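Asks: The following comprises the amino acid sequence and a computationally predicted model.
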Amino acid sequence: MVANFRRSLSFPNHSSKPRKPHHVRSTSLPCRSHPLISLLKDHNTLLKSWRSKPDTRTSAWLCDGLTRLKTIQDYLDDLLHLPQTHDSLRHHSDSIENLLEAFLRFIDVYGIFQTLVLALKQELSAAQVAIRRKDYSKLDCYLKAINKFGKEMSKLVSTVRSIGNSYAWVPDCDAQLAEAIGDVNELTVLVSVALFNGISSAFLSRKSTWMGMRLLNKRKRVKVEEGIEEFQLVGIESLLLGLRKKRHGGEEEEVKMVLKRMHGLEDCIVGIEVCSERVFRSLINTRVSLLNVLTK
């Protein structure tokens, strides 16, 4: 009787039919009630709205997107550590293997990007030294190198888009969990395209032919919408203009302006490099967690 009295104090609405076991079981369902699902979905929604936020796309805006992408990857990683998530996903090995392949390709792309950015920083440093020494003969190599860099970045855009098209997440498990994971995959593509496309558009040279001008006018709107502002300010055309003035006896102030812009570009690249490396590491962690779901 004492035990019953104490239970009635703890549970004033207690009925003759015990409900406690049912209540405990319902709170253990991660795909419906675990706070990580809600947090992940909330941050997915925020990142979806990020794409259309700015009137102009800056390196700060890009770093914000990469930071948000890292956040949703971290939440997904945490979610994949839950035993309940394992229970929900372990019977869908085909879908998990599909997603593992997608994450592997994302990791490869970001690894290539890190290598390209390192090479770009080296080229920028060498170009600034050449400008200070007025050794303009070395700048042709620099211009060729960054044009090649732009082409390689364009390839990354195509690769990322193909990942989004080839590895859709459509498992038969809990609908909310499936939706959250699918959104993470989609948003990884979205932010990555904004990153690679925004940078590559500033480094692809255009020939000054009639056909080239037609293409320039046709792509002007796309370039403005997708290009990163700081990269546009130090684009091929702007740099060439400054260097040509120097070759024809331009004032020293023009050299200072070009160097200042290149130094600013270098700072932007470093910031983007740091944020993209964090995304790279988060992608690796998430893929490891997916492997654990498949193997345990």
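Replies: Everything's here; your move.
Asks: what about the longest helix in this structure?
Replies: helix 252-295 (DSSP state H).
Asks: Which other helices and strands does it contact?
Replies: Counting contacts by 3 or more C-beta pairs under 8 Å, 6 or more residues apart in numbering; DSSP states H and E, helix 252-295 is packed against helix 59-80, helix 83-89, helix 93-132, helix 175-203, helix 229-233, helix 236-247. Heads up, the C-betas are built off the backbone N, CA and C, glycines and all.
Asks: Give the buried residues for the third one.
Replies: When you say that, I think you mean helix 93-132. 95-96, 98-100, 102-103, 105-107, 109-110, 112-113, 116-117, 120, 123-124, 127-128, 130-131 (16 or more other C-beta atoms under 10 Å).
Asks: and the next element down the chain from that helix?
Replies: As assigned by DSSP states H and E, the chain's next helix or strand after helix 93-132 is helix 139-166.
Asks: tell me the mean pLDDT over that following helix?
Replies: The predicted model assigns helix 139-166 a mean pLDDT of 87.
Asks: circling back to that earlier point, same list (the helices and strands packed on helix 252-295) but as a markdown table, adding distance to residue 277 and mean pLDDT.
Replies: Formatted as a markdown table, those follow (distance: least, C-beta to C-beta, whole Å; pLDDT from 0 to 100):
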| stretch | distance to residue 277 | mean pLDDT |
| --- | --- | --- |
| helix 59-80 | 9 | 95 |
| helix 83-89 | 27 | 83 |
| helix 93-132 | 6 | 90 |
| helix 175-203 | 12 | 88 |
| helix 229-233 | 19 | 78 |
| helix 236-247 | 27 | 57 |
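Asks: Return the distance of residue 256 relative to residue 140.
Replies: For residue 256, the distance to residue 140 (C-beta to C-beta, to the nearest Å) stands at 22 Å.
Asks: So for residue 38, which of the helices and strands packed on helix 252-295 sits nearest?
Replies: helix 175-203 (9.1 Å; C-beta to C-beta).
Asks: Off-centre distance for that closest one?
Replies: 6 Å (C-alpha atoms, centre = their mean, to the nearest Å).
Asks: and the angle for that helix with helix 59-80?
Replies: Orientation check (axes from the mean of the first three to the mean of the last three C-alpha atoms, to 10 degrees): helix 175-203 against helix 59-80 gives 150 degrees.
Asks: can you list contacts of stretch 44-64?
Replies: Stretch 44-64 is contacted by residues 65, 68-69, 72, 180, 183-184, 187, 190-191, 194-195, 198, 225-231, 268, 271-272, 275 when judged by C-beta atoms under 8 Å, 6 or more residues apart in numbering.
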